[in-house]
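Colleague: Here you go, sequence then predicted model.
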Amino acid sequence: MFFQNSIGIDIRENSIIVLRLKSSFKGIRLVAHNEFVLQKKETLEQNLVSAAEFVGEWIDQDTPESALIHLGIPRSLAILKFIELPFAVKENLGTTLKYEMDKHVPIPVDDIDFDYQILEADEKRNLLRVLLVVVKKKSLRPYLNFIKGLGQKVLGVEITSSAFFNCFCHLSNGAFKGRQAFVGLTSELLEIGIVEHGLLTSSRSFPLAEYDGEVQGLIESELHSLVEVSRSEKLSVKLFPWGLTRDGDLLKQLGKNDAFDIEIMDWTKAGVFSPDQPSPEAIVALGLALKGLKKLPLQINLLPFVMRRKPDRAGLYFMAVFAVLAILSCASWGGSFILHQKMVMEEMQAQIKTLGVEVLSLDTLQKNCRNLEERVDFLNNIKLERVSITDTLKALSVIVPKETWLQGFTYSEKGMQIEGTARSASEMISLLEASPLFKDVVFMTTIRKDKEGNEKFKIGLKVEG
């Protein structure tokens, strides 16, 4: 999508980082960024009410109304579950998860907002692997009030873990081999995830304030607990050198662990940043903003449906119109004669197609007429052993009592069958046998009575010529 603006807003414990990207023919470029420090003396609700005004003004300064905005909230607010379900529930997955929510989280379903994404669907193995993200409505409410205070429509709300993973996929250019781990550090947060063949299979997040001085041990223990590491094969670990890793000590210590193959991800080659641009702490905001400009693996959205806005497709429509005009201009420059011949040819093809449809309709009509004539001739010529069907029906109408109803009449060269209801089915046998026109009169099925007490019968007989 060209000429589209996208904004990522990362709400952290001590600050709010805002970053705006813009797409163009040359790719995605960073347009603006800012960080708003939150007051430690105020509550979260107070901070967000004040910050909404400042962030809203910053966005209004030089941002088109069509900008796509995504909001990131702390991972600590949410519960992540990787669950497996039968493949059959795929069509009604949302309803199934809501109905069985008490099996996955210890919170009443009426007190939560949730979203989910299918990570793997295998009909042969009857397997559906799903990522479920749940957040309490009470915990989400201050962030929804922040959105209202912005004065801007927001496309989605997600947790930092999904933004980390999407940014990891962007930096990796989709090049996944087997099982990998990614580790991201900011000054406030540690994110660890396991990726298998491009699918997120595990995710953990830790606030660093609770693990001061123990980051290396925490990373190593979590990697071992998330995945079994073979002694003969190292686990590939993508490490993002942000926050606490900038001094290099942690990188050196992790590099000495024989169980891991550490690779440093160079965020300056992401196609967005340059070394003299914003702090790498803005990586979550980058993952949020990228979501508005390209298709990313995780599409979790915790924003209630009533607050969601549909993406403005004005830029897309403009590009479509521009492309059409460019094509028409090139065709005109190439020669009006060729264009005219093409138009004549298209018109002739359209007329031939129309005539072809009319010819097919005429053929169908003629076939229907022939079929109708054959059916009329057939009915006019039907006879049962030299007795016309008209005479047979006339004889039946005289023989059958008034209380008897004929509901079926079948005839062939072998004879005739009649079925219906009567006060006395046995009386029908006697009346038919008494007629000189019929012989070999027998019941074809057992006599049964209906709700009104009438006897249902099916009688077979032959017509004498």
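Modeller: The structure has been received and is ready for your questions. Numbering: from 1, shown residues only.
Colleague: Spell out which residues make up each domain of the protein.
Modeller: Under the assignment named as automatic domain parsing, the residue ranges that make up the domains of the chain are 5-321, 336-381, 384-463.
Colleague: Most tightly packed of those?
Modeller: With neighbours taken as mean count of other C-beta atoms under 10 Å, those reach their highest mean count in domain 5-321, at a mean of 17. To be clear about C-beta, it is placed using only N, CA and C from the backbone, and glycine gets the same treatment.
Colleague: For the stretch 251-400 of the chain, which segments count as helices?
Modeller: Taking DSSP state H, counting those that start in this stretch as the test, the helices found in the stretch 251-400 of the chain are 283-290, 314-334, 336-381, 389-399.
Colleague: looking at the domains of the chain, which is closest to residue 329?
Modeller: For the domains of the chain, distance to residue 329 was read as C-beta to C-beta. The smallest value, 11.4 Å, belongs to domain 336-381.
Colleague: a helix runs through residue 445, doesn't it?
Modeller: No - assigned with DSSP: H, G, I helix; E, B strand; the rest coil, residue 445 falls outside any helix and is coil.
Colleague: quick one: contacts for residue 81?
Modeller: With contacts defined as C-beta atoms under 8 Å, 6 or more residues apart in numbering, the neighbours of residue 81 are 104, 105, 131, 132, 133, 134.
Colleague: strands paired with the helix or strand that contains it, and their directions?
Modeller: Assigning secondary structure by DSSP states H and E places residue 81 in strand 78-85. As defined by DSSP bridges, the strand partners of strand 78-85 come to strand 127-136 (antiparallel).
Colleague: Return the list of helices and strands in contact with the following helix or strand past the partner strand.
Modeller: From strand 127-136 onward toward the C-terminus, using DSSP H and E, the following helix or strand is helix 137-150. Taking 3 or more C-beta pairs under 8 Å, 6 or more residues apart in numbering; DSSP states H and E as contact, the helices and strands that helix 137-150 lies on are helix 44-62, strand 68-73, strand 112-122, strand 156-159.
Colleague: before we move on, the earlier item: let me have the domains of the chain in a markdown table, extended by distance to residue 328 and mean pLDDT.
Modeller: As requested, those are arranged in a markdown table below (distance: least, C-beta to C-beta, whole Å; pLDDT from 0 to 100):
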| stretch | distance to residue 328 | mean pLDDT |
| --- | --- | --- |
| domain 5-321 | 11 | 82 |
| domain 336-381 | 9 | 79 |
| domain 384-463 | 68 | 82 |
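Colleague: Any chance of CSV for the ones you listed, columns distance to residue 327?
Modeller: Below are the domains of the chain laid out as CSV (distance: least, C-beta to C-beta, whole Å):
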stretch, distance to residue 327
domain 5-321, 11
domain 336-381, 11
domain 384-463, 67
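Colleague: Show me the contact partners of the helix or strand just after the strand holding residue 81.
Modeller: The helix or strand immediately downstream of strand 78-85 is helix 93-99, counting by DSSP H and E. Residues outside helix 93-99 that contact it (C-beta under 8 Å, 6+ apart): 85, 89, 104, 109, 114, 116, 118, 128, 130, 132.
Colleague: Tell me the bridge partners for the closest residue to the fifth one other than its chain neighbours.
Modeller: Looking back up the chat, that one is residue 114. Nearest-residue entry for residue 114: residue 134, 4.5 Å, with adjacent residues in sequence omitted and distances by C-beta to C-beta, 6 or more residues apart in numbering. On the basis of DSSP bridges, residue 134 takes part in beta bridges with residue 79, residue 114.
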